[in-house]
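A.B. asks: based on what follows, work out the 3D shape:
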Amino acid sequence: MRKQTLFVLILFSFVLVLAGCGGKDEPEAKTNNTSVAAAAKNTSAENAATENTAAGNPANGEKLYMSSCVACHGADAKGVPSLGKSLHPSDSAFVHEHSDADLVEFIKVGRQPGEPLNTTGVAMPPKGGNPAISDAELYDIVAWIRTLD
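C.D. replies: Here you go, the predicted structure:
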């Protein structure tokens, strides 16, 4: 009986510690999403002027896009109503005005529904929901997006 009580107390303490750790991560993630978007916005004009093409591989980027981004942004990257916006630089001021590095950083963190710049009300998960995508592969996706217009 005494071992069971001790086990329950240890288990309860462990759960409290995990709950305390988990509560701190979410607000920081929201802050990081907002700060990344703000930082990207602040540097976008100067970066867009100096960077016209992506450093990645557009052919590989198209394959990656079709496996991770197509559900919300569509096969033609023109967007899916109520899910994802068009990614064509001529349709999207966001894509047009931001550098490749800014777009990669944005894709890495995604966007939560409650963020002021989220106009669809739908979450964009980090890396399009594919945590296995590397930074180099994100540059490939951006390179493909740059070929759309």
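
A.B. asks: and for stretch 126-138, what's in contact with it?
C.D. replies: Residues external to stretch 126-138 that are found in contact with it (C-beta atoms under 8 Å, 6 or more residues apart in numbering): 56, 60-61, 64, 67-69, 72, 104, 107-110, 141. Glycine gets a C-beta too; all of them are placed from N, C-alpha and C.

A.B. asks: of those, keep whichever come out buried.
C.D. replies: Buried residues within the contacts of stretch 126-138, counting neighbours by 16 or more other C-beta atoms under 10 Å: Gly56, Asn60, Gly61, Leu64, Ser68, Cys69, Cys72, Val104, Ile107, Val109, Gly110, Ile141.

A.B. asks: you'd agree the third one is up against Val104?
C.D. replies: No - using C-beta atoms under 8 Å, Gly61 and Val104 do not qualify as a contacting pair, with a distance of 11.3 Å.

A.B. asks: residue ranges of the helices in this protein, please?
C.D. replies: Ranges of helices in the chain, per DSSP state H, are 2-50, 58-68, 70-73, 93-97, 100-109, 135-146.
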